[in-house]
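Undergrad: quick one: sequence and predicted model below, then my questions.
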Amino acid sequence: MAQVYVENLNQHEGEEVTIKGWIYNKRSSGRIQFLMIRDGTGIVQGVMVKSEVSSEVFALGKELMQESSIIAQGIVRPDERAPGGYELTITDLQLVHMAEEYPITPKEHGTEFLMDHRHLWLRSPRQHAILRVRHEIIKGIRDFFDERGFVLIDTPILTPAACEGTTTLFETDYFDDKAFLAQSGQLYVEAAAMAFGKVYCFGPTFRAEKSKTRRHLMEFWMIEPEVAYADHEDNMRLQEDLVSFVVQRVLTHRLAELEILERDISRLQNVVPPFPRISYDEAIERLQDAGVDIEWGADFGGGDETILAEQFERPVFVHRYPATIKAFYMKPDPERPEVVLCDDLLAPEGYGEIIGGSQRIDDPDLLKQRMSEHDLPEETYAWYLDLRRYGSVPHSGFGLGLERTVAWICGLPHVRETIPFPRLINRLYP
Ligand code: 4AD
Ligand code: MG
């Protein structure tokens, strides 16, 4: 008898098949039991009629606890009312493991309770939908860069130095030395861009940010492309192309999941290039016009980003921030050195910054000067300075935060559900 997955039941109409899974839910009406069986690919309703199975099997059905693991045999029948269009007329059933009383029930649970049971919560349809969209986004990102001839370069996680400022480093012992968990792979993809032209890294990054917001994780995944000979304008074009590609990809491949999440997809359908571009100066004016008490030179908070993004239908670029509030490696605008050739991409609907990018300093003396202004020890960055000594070229890149992108595309209020096991300021368990 063929062992099949629920998602493939349509290829087995009328056949007797085996499904290996878990009891998601059940109900009974005397001589008929309805067993909702999930197998990771979907949920199918198994219908068990008393007169059509052995008395042991019928009795087993009655005893089954939620989330017990079972192997079911049955005949695949089309059923218009069933979620996937099919149900299973059960002919036989074997118990693999009888579950204890399952802590997550259909009633409402508080977030902390669910987060404590994250290892079990992953089994729910909503979490399923989110993590399948996450998978699609990752695959879309990879395809986007692979199809454009970028080379994947894996960058180290244990690193000797900071990339995004020294205040958010996780420090760890490294034999007689100390190491930091990578905040970004950028410095290394810059080296790789000089070797391969167009590259990207895609891995976990770490920030010891004492932020308890709906946008911050201590451990998050970032895609970071870096392109030799690309300037700031090229960089923004690559960003809008990537983000549009990924959104359209999810709309094409994961509509069913977006429906489970009750996502209003009309806002996503708008996400096509070009995206509007405003300067930091203009952003400050817009905020002041909206009544925000903010002066030129200040960084934006989450609330400010929301106000700005609400003024546009699509994601919006804010470019040329003051050098003083940005990272040491960003190239000053030659026409106005107090601002840098950088951009943040703000997602609509209050999701805030999903990308940070910039053209990099290519002049060794200016880079040294910036490093000393940021109190960064030259020895640790000697290799990075080498890139400006041996064939330095203009180059640009950016980092897209995966979890914020998933939260936005899925329409979730908080990033904690966008990653299987979130690391939050107050949570390292499970
Ligand atoms: O703006 P950031 O700090 O930029 C960099 O790390 C650059 N080195 C990237 C580059 O140019 N190669 O971070 C990039 C993105 C942010 O826009 C945001 O989406 C995400 O990473 N991000 C976070 N996501 C979740 N939790 C946090 N604590 C995050 N910090 C940044
Ligand atoms: Mg940033």
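TA: Noted; the coordinates are in hand. Numbering: from 1, shown residues only. Ligands and ions are numbered 1, 2, ... in the order given.
Undergrad: OK, contacts around residue 390?
TA: By C-beta atoms under 8 Å, 6 or more residues apart in numbering, the contact set of residue 390 is residue 194. From N, CA and C alone the C-beta is placed, and that goes for glycine too.
Undergrad: and it, that's in a strand?
TA: No: assigned with DSSP: H, G, I helix; E, B strand; the rest coil, residue 390 falls outside any strand and is coil.
Undergrad: from residue 384, how far off is it?
TA: Relative to residue 384, residue 390 is positioned 12 Å away (C-beta to C-beta, to the nearest Å).
Undergrad: do the same with residue 121
TA: For residue 121 relative to residue 384 (C-beta to C-beta), the value is 42 Å.
Undergrad: for the stretch 201-350 of the chain, what spans make up the strands?
TA: Taking DSSP state E, counting those that start in this stretch, the strands of the stretch 201-350 of the chain run over residues 219-228, 277-279, 316-319, 332-333, 336-340, 342-347.
Undergrad: element containing residue 356?
TA: Using DSSP states H and E, residue 356 sits within strand 352-359.
Undergrad: partner strands of that strand and their direction?
TA: strand 342-347 (antiparallel), strand 395-401 (antiparallel) (DSSP bridges).
Undergrad: let me see the mean pLDDT of stretch 301-314.
TA: When pLDDT is averaged over stretch 301-314, the result is 96.
Undergrad: what is the burial count for residue 209?
TA: Per other C-beta atoms under 10 Å, the neighbour tally for residue 209 reads 14.
Undergrad: ok, now the one 3 residues further on?
TA: With neighbours defined by other C-beta under 10 Å, the count for residue 212 comes to 9.
Undergrad: try the one 10 residues further on
TA: Other residues lying near residue 222 total 22 when counted by other C-beta under 10 Å.
Undergrad: now do residue 412
TA: Residue 412 has 20 nearby residues by other C-beta under 10 Å.
Undergrad: before we move on, what about the one 4 residues further on?
TA: The burial metric for residue 416, expressed as a neighbour count using other C-beta under 10 Å, is 20.
Undergrad: and if you look at residue 207?
TA: So residue 207, with other C-beta under 10 Å, has 21 neighbours.
Undergrad: just give me the longest strand of the chain.
TA: In the chain, ranked by residue count with DSSP state E as the criterion, the top strand is strand 16-29.
Undergrad: strand partners (parallel or antiparallel) of that one?
TA: strand 2-3 (parallel), strand 32-38 (antiparallel), strand 69-78 (antiparallel).
Undergrad: by how many degrees do the very next helix or strand once past the second one and strand 16-29 diverge?
TA: Along the chain past strand 32-38, the next helix or strand (assigned with DSSP H and E) turns out to be strand 43-49. Compare the direction of strand 43-49 with that of strand 16-29 by axes from the mean of the first three to the mean of the last three C-alpha atoms, to 10 degrees and you get 70 degrees.
Undergrad: that older thread, ranking the strands paired with strand 16-29 by burial, who's on top?
TA: strand 32-38 (a mean of 20; mean count of other C-beta atoms under 10 Å).
Undergrad: how far out from the middle of the chain is that one?
TA: 33 Å (C-alpha atoms, centre = their mean, to the nearest Å).
Undergrad: average pLDDT for that strand?
TA: Mean pLDDT, computed over strand 32-38, is 97.
Undergrad: swap in stretch 199-212?
TA: Across stretch 199-212, pLDDT averages out at 95.
Undergrad: same deal with stretch 151-169?
TA: Over the span of stretch 151-169, the pLDDT mean works out to 94.
Undergrad: next, the distance between the ends of it.
TA: Length of stretch 151-169, first residue to last, C-alpha to C-alpha, to the nearest Å: 28 Å.
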